[in-house]
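Colleague: Build the 3D model from these lines:
(one chain, ligands or ions: 1)
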Amino acid sequence: MRVLLTGAAGFIGSHLAERLLADGHEVTGFDSFDSFLYDAATKERNVAALTGRPGFRLVRADLLDARLLRELCRGKDLVVHLAALAGVRPSIADPPRYARTNVEGTLNLFEACRSAGVHRVVFASSSSVYGARDAAAVPFREADPCISPASPYAATKRAGELLASTYRDLFGIGITSLRFFTVYGPRQRPEMAIHKFTRALAAGQPVTLFGDGTTARDYTFIDDIIDGTAAACARVAPGELAVYNLGGSRTTTLSRLVELIAGALGVTPRIDWQPEQPGDVPITFADVSRAARELGYAPKVPIEAGITRFVDWFRAQPGA
Ligand SMILES: NC(=O)c1ccc[n+]([C@@H]2O[C@H](COP(=O)([O-])OP(=O)(O)OC[C@H]3O[C@@H](n4cnc5c(N)ncnc54)[C@H](O)[C@@H]3O)[C@@H](O)[C@H]2O)c1
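Modeller: Reported below is the predicted structural model:
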């Protein structure tokens, strides 16, 4: 297939580009190398191994360039839309910026698909659309109402899902939304918790934790996310709307997470406790039975093994 992959220079996008190429697809990677969340140099490293590979082309541009998106969509069999501003806390600091990239940018891309006749789209949504639930309301199922996103980021992702529904109904574009649950592994975004904690602990610094350590997350290793996303790319069909949770389907508390990272590094953690942050939710936990049934999704990497693999990768980085 000829694939347009937005967000190709990012954490998940660079891994997905490798998988799509290995599976024999032609990939046009699209990315603005935006440096709001983290530096462009990291993204250059993410794509270094892709550049020059047969079947891969990189376009450095912004989702707000609607005309270019229309041009790039022409002749494509599939669009995979991962480009976005991610992150809950920074979205509270600058909601308009998130709305521009995640809502207007997504709308531009769906419009480009419509005008170019692309009928297959896979869209990266997020577990954050479920909002703040207490421990009795888990695991999260795709059919749960998602009407109280707890941050501007979560609201923009939900907006993307709603636009997907509209574009399917009006124009018959098949769109699959994947609700990723906290993804980690090699090349994880440097501002995400696992990466940040590893950096601090490796440098002998205290780790700043918000809350009391009991908040829990469903962490998903990057290889599992790529397996699920590749399966969604193969399955998405014109006219069909689908939503899948892609998670590890197991929760880990914040305190346990720090213990695991410290154990893998062989250090004793020092904690700087801080109050809970607005926008944070107490728990995320994916019911992945729909993805298992329809995509053959089966997460394989438990957090213990995944943290070891992440720490091994971290240690191999220059300057680590
Ligand atoms: N990593 C996670 O745990 C996680 C969880 C849930 C959902 N997601 C979603 O998955 C997708 C990929 O996440 P990631 O962790 O790889 O993030 P990332 O920031 O590493 O990748 C996103 C990429 O999008 C690009 N981008 C941002 N604004 C752009 C614009 N206006 N035009 C073109 N490109 C732009 C960035 O430069 C970046 O390379 C995002 O949509 C994110 O919201 C990620």
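
Colleague: what's around the residue in the chain positioned nearest to the ligand, how many residues?
Modeller: Distances between the chain and the ligand by C-beta to the nearest ligand atom are smallest at G10, namely 2.0 Å. The C-beta positions use only the backbone N, C-alpha and C, and glycine is treated the same way. Applying other C-beta atoms under 10 Å, we find 27 residues neighbouring G10.

Colleague: V80 is in contact with that one, correct?
Modeller: No. Assessed by C-beta atoms under 8 Å, G10 is found out of contact with V80, at 11.8 Å.

Colleague: coming back round to it: what's near enough to touch the residue of the chain closest to the ligand?
Modeller: Counting by C-beta atoms under 8 Å, 6 or more residues apart in numbering, G10 touches 31, 43, 46, 82-83, 189.

Colleague: run the last query once more with 10 Å
Modeller: Counting by C-beta atoms under 10 Å, 6 or more residues apart in numbering, G10 touches 16-17, 31, 33-34, 37-38, 42-43, 46-47, 82-84, 86, 124, 187, 189.

Colleague: could you point out which element follows the helix ranked longest in the chain?
Modeller: In the chain, with assignment by DSSP state H, the single longest helix is helix 152-171. The helix or strand immediately downstream of helix 152-171 is strand 174-180, counting by DSSP states H and E.

Colleague: That next one and the ligand in contact?
Modeller: Yes. With C-beta under 6 Å from any ligand atom as the criterion, the ligand is reached by strand 174-180 at F180.

Colleague: Output the contacting helices and strands for that strand.
Modeller: strand 78-81, strand 120-126, helix 152-171, helix 222-235, strand 241-246, helix 289-295 (3 or more C-beta pairs under 10 Å, 6 or more residues apart in numbering; DSSP states H and E).

Colleague: With mean neighbour count, mean pLDDT and distance to L5 as extra columns, can I get these in a markdown table?
Modeller: Formatted as a markdown table, those follow (neighbours: other C-beta atoms under 10 Å; pLDDT from 0 to 100; distance: least, C-beta to C-beta, whole Å):
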| stretch | mean neighbour count | mean pLDDT | distance to L5 |
| --- | --- | --- | --- |
| strand 78-81 | 27 | 99 | 5 |
| strand 120-126 | 25 | 99 | 9 |
| helix 152-171 | 20 | 98 | 16 |
| helix 222-235 | 21 | 98 | 10 |
| strand 241-246 | 24 | 98 | 17 |
| helix 289-295 | 17 | 98 | 18 |
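
Colleague: any shared contact partners between G10 and V80?
Modeller: Residues within reach of G10 and of V80 at once, by C-beta under 10 Å, 6+ apart, are 16-17, 124.

Colleague: that older thread, for the longest helix of the chain, which helices and strands make contact with it?
Modeller: If you count contacts as 3+ C-beta pairs under 10 Å, 6+ apart, helix 152-171 packs onto helix 88-93, helix 95-98, helix 105-116, strand 120-126, strand 174-180, strand 241-246.

Colleague: Out of those, which is closest to F56?
Modeller: Nearest to F56, of all these, is strand 120-126, at 18.1 Å by C-beta to C-beta.

Colleague: re earlier: which ones among the shared contacts of G10 and V80 also lie next to the ligand?
Modeller: Checked against the ligand using C-beta under 6 Å from any ligand atom, the shared contacts of G10 and V80 give the following subset in range: A124.
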